[in-house]
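**Q** need coordinates for the below:
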Amino acid sequence: MKTTIFALILMGFSSLIVQTLLIREFLIIFYGNELTIGIILGEWIILEALGSKFFTKPSLKIKKTFSFYALLQLAIAIYLPIGIFLIRNIKNIFGLNFGEGTSINQIVFFSIIFILPLAIFDGGQFPFGTKMLQKISKKELESAGYVYILEAIGFIIAGPIFYILITKYNSFSIAIFLCILNIVSAILLLNKKISDFLDKIIFGVLIFFLIGYIFLFKLTPNIDKFLISKQWKGQKVLSYKNSIYSNLVLTKSKEQYTFYSNGIPIITIPFFNTAYIEELVHFSMLSNPNPKNILLIGGGAGGLIKELIKYPIENITYLELDPELIKQIKNFPIELTKEELTNKKVKIKYIDARRFLKITKSKYDVIIINLPMPSTLQLNRFYTKEFFDNIKSILNTDGVFAFCLPSSLSYINQEIKNLNGSILNTLEDIFFVNVIPGDFNIYIATNKNTVINPYIFSKRLKEKNIQTQLLTEYYIQYRLGSYWQNWFYNSMKDYKKIRKNLDFLPTATFYSILYWNSIFSPNLGKLFKILDKIEFRLIAILMLISALVLFILRLFNKINPFGFIVCTSGFFGLSLELIFIYVYQVFYGFVFSHIVFLTASFMLGLTLGGWYMNKNLIKIKEDIKKISKIEIAIISYSLILIPLLLFLKSIENSKISFIFFILQIISGFFVGSEFPLANKIYSKNPSKKGSAGILYSLDLLGAFFAVIISVIFIPIIGIINTFLFIIILKTISLGLLVLKKIS
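**A** Reported below is the predicted structural model:
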């Protein structure tokens, strides 16, 4: 019994760690954002669902259940290191150049090829795991619920352990460690079940791979170095490290050092982008007559700080989320970075910027954001109306707030217009704004209505005796000339009609993805333009029409409501989990350990809900009435969440942040309590043998739609409307449940 329980907990444990490892590896290859994560996670979930469905019938027919489960564990153990090897060599295999961007089509195609075997094998474990537990416990009805609970416990354990492992070991070492665990589990399962020659062969193969992987584990640092050299072909890799936030790589090509975060170059030294850095720093600093106290958010080392300390300033507060990045820079110092990071005026704080804004009591003369465009929900938090309000609260009267967005000096297409227009339209609600057009637009926001004057900029530059490579008097007059200003605003005509960017409506994330898509996947442009025009009213109408069709099918007994309930509950659970994680970051800042425990809280609730329902499963006589009450509770809970989140947003008090952990537990409890009950009702039909595997695949199908819809819906219709979507969806599932079919 203990070995079976260990195997089932390991199922959830392995699933979460494998997903996280693969997503990290793919992000490095694809330079990804949340769309990339959504594609990969969505593919994993849907393939896992197919695996569960595919293996449901074999689990009923194959008598050697324990042997087959052991084979699934062995298959995962064999393919996982091969998968990581293949992923790191995707570009070499398919002839893509280093640094070449990938389209959405390529991301979908490449990722699905390499994760398919793992996801299928992982999904197949659930029906066979249920069958194993049934044989041991003799409790056919409750077994599926207990497997569901044990898998959730595996997820709970995996989060904190991965948090520890990723900072100490490379991905390949973690993968081999996971392989060893799965093989040990398979050996323990078979140890007392060897009954024939086939079992002996399987047992022998398991022992062979166990010995091989133990030996291989000692070699993983060398293997990892070899794989890295293949992955970063043409560059000398000086450092490769996983931090809790990202994968950090330092490469050298001739005399050029490049620092990468998740495959994206963030610092190049000693030859940096002079035009970008000089314009961002000096146009910002020259907009204030006498800047003394500076706040720098992201990307300071590698040229930007060097330009700032040319001014007679008193203090630079440099916010960098990942301490490992600065540590890596210090481990490979050059004159430029030593000058920047050892300067007494520079104070580095390892903290999320939104978190810092809420606790600082300082005021600043110049605030500069040097972050990528808001292509992820995490980055979008630094471009919303609420964030701009927070910036205004710590900006001095003559203060300047500056940042950049991608653009063009030749032609502003609709994608560039949407992205810049959304941010500009939002920023103008808070500040007076001047835009300096270019290949990257520089936004200069101030509390007072000031006009950027090239002659004043040139005069201040001379008075302060600031030496620059690019910013000559002629160049300043050219860049700040009225011609470019007029051209920009003529090109941006009607930008006031573009949706604003808010915490609860992160429009700029969608427009960033639209811009990224126009570069790498222009063939999908029509689809994204259609999505951009979607309004919640249209979604609500389509849902009502769908509800009518489903109700008619239900009346004529053409649809089973219990499968639909499990599917919508899977959607409800993962949607709320993702929303709570995003909103928590918006309110209280990004803290990785908090995110881990938010996920663990949902799984704890799922475990408690499953345990409670399984314990009372036999006692419950009116099954449909009970599951109807749970559906009503979910709808009521979702309705309450809307005003609750708006209230929490209005106060944003970190002392009550624990509420989000409670909300995650409640969400998980509802989802966990429905699965065993739905399985009990579903399995009463003799034709529905193997209901556990089928319902599990439907639960995963709901989670798949949650990932895809969360990535699309939240930026387009916002969080509040996404909650309304969930409420309508669960109301439909309740209606199908209580609707009496025509006999």
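
**Q** can you tell me the element residue 397 falls in?
**A** strand 395-406 (DSSP states H and E).

**Q** from residue 539, how far out is residue 40?
**A** Computed as C-beta to C-beta, to the nearest Å, the residue 40 to residue 539 distance reads 25 Å. From N, CA and C alone the C-beta is placed, and that goes for glycine too.

**Q** more neighbours: these two, which one.
**A** residue 40 (25 against 18; other C-beta atoms under 10 Å).

**Q** residue contacts, that one?
**A** 22, 23, 26, 107, 111, 115 (C-beta atoms under 8 Å, 6 or more residues apart in numbering).

**Q** where does it fall, secondary structure wise?
**A** Using DSSP H and E, residue 40 falls in helix 34-61.

**Q** rewinding a little: show me which pair in the contacts of residue 40 is furthest apart.
**A** 22 and 107 (12.7 Å; C-beta to C-beta).

**Q** per-residue confidence at the closest residue to residue 117 other than its chain neighbours?
**A** Distances taken as C-beta to C-beta, 6 or more residues apart in numbering place residue 79 nearest to residue 117, at 5.0 Å, with adjacent residues excluded. On pLDDT, residue 79 comes in at 92.

**Q** let me see the ranges of the helices in the stretch 501-650 of the chain.
**A** 507-520, 525-532, 536-555, 561-588, 592-615, 623-651 (DSSP state H, counting those that start in this stretch).

**Q** low-confidence ranges, the stretch 251-400 of the chain, go.
**A** By pLDDT under 70, the stretch 251-400 of the chain contains no weakly predicted segment.

**Q** how about 90 then?
**A** 251-275, 298-303, 321-322, 324-325, 328-341, 358, 372, 375-379 (pLDDT under 90).

**Q** tell me where it has helices.
**A** Counting by DSSP H, counting those that start in this stretch, the helices of the stretch 251-400 of the chain are 274-285, 304-308, 323-331, 335-341, 353-359, 377-380, 385-393.

**Q** the strands in this structure, which residues?
**A** For the chain, the strands defined by DSSP state E occupy 236-242, 247-253, 256-261, 264-269, 293-297, 315-319, 346-349, 364-369, 395-406, 432-436, 440-446.

**Q** relative to residue 86, which of those strands is closest?
**A** Nearest to residue 86, of the strands of the chain and by C-beta to C-beta, is strand 247-253 at 17.4 Å.

**Q** tell me the buried residues in the closest one?
**A** 247, 248, 249, 250, 251 (16 or more other C-beta atoms under 10 Å).

**Q** strand partners of it, parallel vs antiparallel please.
**A** With DSSP bridges as the test, strand 247-253 is paired with strand 236-242 (antiparallel), strand 256-261 (antiparallel).

**Q** determine how far that strand lies from the middle of the whole chain.
**A** Here the centre of strand 247-253 is set off from its chain's centre by 23 Å, with C-alpha atoms, centre = their mean, to the nearest Å.

**Q** contacts for that strand?
**A** 24, 27-28, 228, 232, 234-242, 257-263, 322, 324-325, 328, 332.

**Q** and if you look at stretch 648-667?
**A** By C-beta under 8 Å, 6+ apart, stretch 648-667 touches 358, 386, 503-504, 572-573, 576-577, 580, 583-584, 587-588, 594, 597-599, 601-602, 604-605, 608, 637, 641.

**Q** cool, stretch 184-192 as well?
**A** So stretch 184-192 is contacted by 3-4, 6-7, 10, 66-67, 69-71, 73-74, 77, 132, 199, 202-203, 206-207, 210 (C-beta under 8 Å, 6+ apart).

**Q** PyMOL command to pick out the buried ones of these?
**A** In PyMOL syntax, the buried subset of these is picked out as below (16+ other C-beta under 10 Å):
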select buried, resi 3+4+6+7+10+66+67+69+70+71+73+74+77+132+199+202+203+206+210
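
**Q** list the buried residues in the helix or strand bottoming out on mean pLDDT in the chain.
**A** Ranked by mean pLDDT, DSSP states H and E, the helix or strand of the chain with the weakest confidence is helix 90-93, at a mean of 77. For helix 90-93, the neighbour count (16+ other C-beta under 10 Å) marks 90, 91 as buried.
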